[in-house]
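Undergrad: Here is my input; please provide its structure:
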Amino acid sequence: MNETMGTDLSGAGFHIVLSGSCRLLTPDGSQRTISNGDVVLTPHGAQHALENLGHADAEADSPTSLLCGAYQLDQTHPHPLLATLPDVIHLRVQFGRHPALHSAVSLLGTELQNPQQGSVAALSTLLDLLLIYMLRAWLEDESDRGAPGWSATLADPVVSAALGAMHESPAHAWTVEELGKEANLSRAAFARRFTTLVGEPPLTYLTWWRLSIAARLLKESGTSLESIARSVGYGSRYAFANAFKRVHGTSPGRYRRTHTGDQQPTQWHPSPG
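TA: Numbering: from 1, shown residues only. Sure thing, here's the model as predicted:
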């Protein structure tokens, strides 16, 4: 790499420095050096450029190798976490920090530099894991800094337990009172705490979660509407269809016909534990 390279990645772009170093530039004039083993994620596809280090830099004469790509994220009804992510997430190599992330990076480098039978399947799986590990690492760093937002949300035992319950059993007929009882809180106290940390009331989040699952099933499977409705907590296909249309603006059947064959966007739903 011996010159400035502009990037125009749709979706959430990422860069992994496999060897050497370079500089990442953004339109606001900020710049940061990214070095061997560092990982950068641009969750919103922010414009940026990668620039070779000048000769005054210690690693300027070392060859720089990067793995760059982008994830197609479903932005129609994204998880609330995505809106809180900064334009650039820079995860530096630090001894003892984020071992899973650095293991994934090492394995990716190995598969790319020495491809063997099954490498295509391995790379696909590793890239999916990479996104999860990048987001986990960012949440961990934010939590260590005591930052507000989803890192604080997932660290809160009451809200974390409620999210876990809804994620694990979307078909259950959850009520705010029942979710509050699990944390020994009154209905009103639980609702206030959940809404403050998550940014929306418990049952609004539950509806989003259920219909996100339903949308994925409509895209990926031939499961009947009745079965999908039951699996996400609706007693009939008509109740399900009405709820789905309110959120997605179209009926489940039309949504399935429109999206059949689409490349499935990467989805990530943070859960405790």
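
Undergrad: just checking, what packs against the longest helix belonging to the chain?
TA: Using DSSP state H, we find that the single longest helix of the chain is helix 119-144. Packing contacts for helix 119-144, counted by 3 or more C-beta pairs under 8 Å, 6 or more residues apart in numbering; DSSP states H and E, involve strand 12-19, strand 39-42, strand 65-71, strand 89-91, helix 99-113, helix 150-155. For glycine as for every other residue, the C-beta is placed from the backbone atoms N, C-alpha and C.

Undergrad: shaky segments in the stretch 151-273 of the chain?
TA: Filtered on pLDDT under 70, the stretch 151-273 of the chain yields the residue ranges 151, 261-273.

Undergrad: Let me see the ranges of the helices in it.
TA: 157-168, 176-182, 187-198, 202-220, 225-231, 237-248, 252-259 (DSSP state H, counting those that start in this stretch).

Undergrad: any chance of these in TSV, plus mean neighbour count and distance to W150?
TA: Output for those, formatted as TSV (neighbours: other C-beta atoms under 10 Å; distance: least, C-beta to C-beta, whole Å):
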stretch	mean neighbour count	distance to W150
helix 157-168	18	10
helix 176-182	17	18
helix 187-198	17	8
helix 202-220	19	12
helix 225-231	17	26
helix 237-248	16	21
helix 252-259	15	27
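
Undergrad: can you redo those as a markdown table with distance to N114?
TA: Listed next are the helices of the stretch 151-273 of the chain as a markdown table, based on distance: least, C-beta to C-beta, whole Å:
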| stretch | distance to N114 |
| --- | --- |
| helix 157-168 | 38 |
| helix 176-182 | 49 |
| helix 187-198 | 44 |
| helix 202-220 | 33 |
| helix 225-231 | 42 |
| helix 237-248 | 44 |
| helix 252-259 | 37 |
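
Undergrad: Now for E51, how many residues are close by?
TA: Per other C-beta atoms under 10 Å, the neighbour tally for E51 reads 16.

Undergrad: Tell me which of the helices and strands packed on helix 119-144 sits most buried.
TA: strand 39-42 (a mean of 23; mean count of other C-beta atoms under 10 Å).

Undergrad: Counting by contacts, list what the very next helix or strand once past it packs against.
TA: Following strand 39-42 in sequence order, the next helix or strand is strand 48-51 (DSSP states H and E). Under the contact definition 3+ C-beta pairs under 8 Å, 6+ apart, strand 48-51 sits against strand 5-7, strand 21-25.

Undergrad: mean pLDDT lowest for which of the ones you listed?
TA: The minimum mean pLDDT among the helices and strands packed on strand 48-51 belongs to strand 5-7 (a mean of 48).

Undergrad: Count the neighbours of S251 for me.
TA: Close neighbours of S251, defined as other C-beta under 10 Å, add up to 14.

Undergrad: swap in T125?
TA: Using other C-beta under 10 Å: T125 sits among 12 other residues.

Undergrad: Was I right to think D87 contacts H44?
TA: Yes. Using C-beta atoms under 8 Å, D87 is in contact with H44, at 5.9 Å.

Undergrad: ok so, going back, using a markdown table, please lay out the helices and strands packed on helix 119-144 together with distance to K245.
TA: Shown next, in a markdown table, are the helices and strands packed on helix 119-144 (distance: least, C-beta to C-beta, whole Å):
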| stretch | distance to K245 |
| --- | --- |
| strand 12-19 | 28 |
| strand 39-42 | 33 |
| strand 65-71 | 28 |
| strand 89-91 | 35 |
| helix 99-113 | 39 |
| helix 150-155 | 29 |
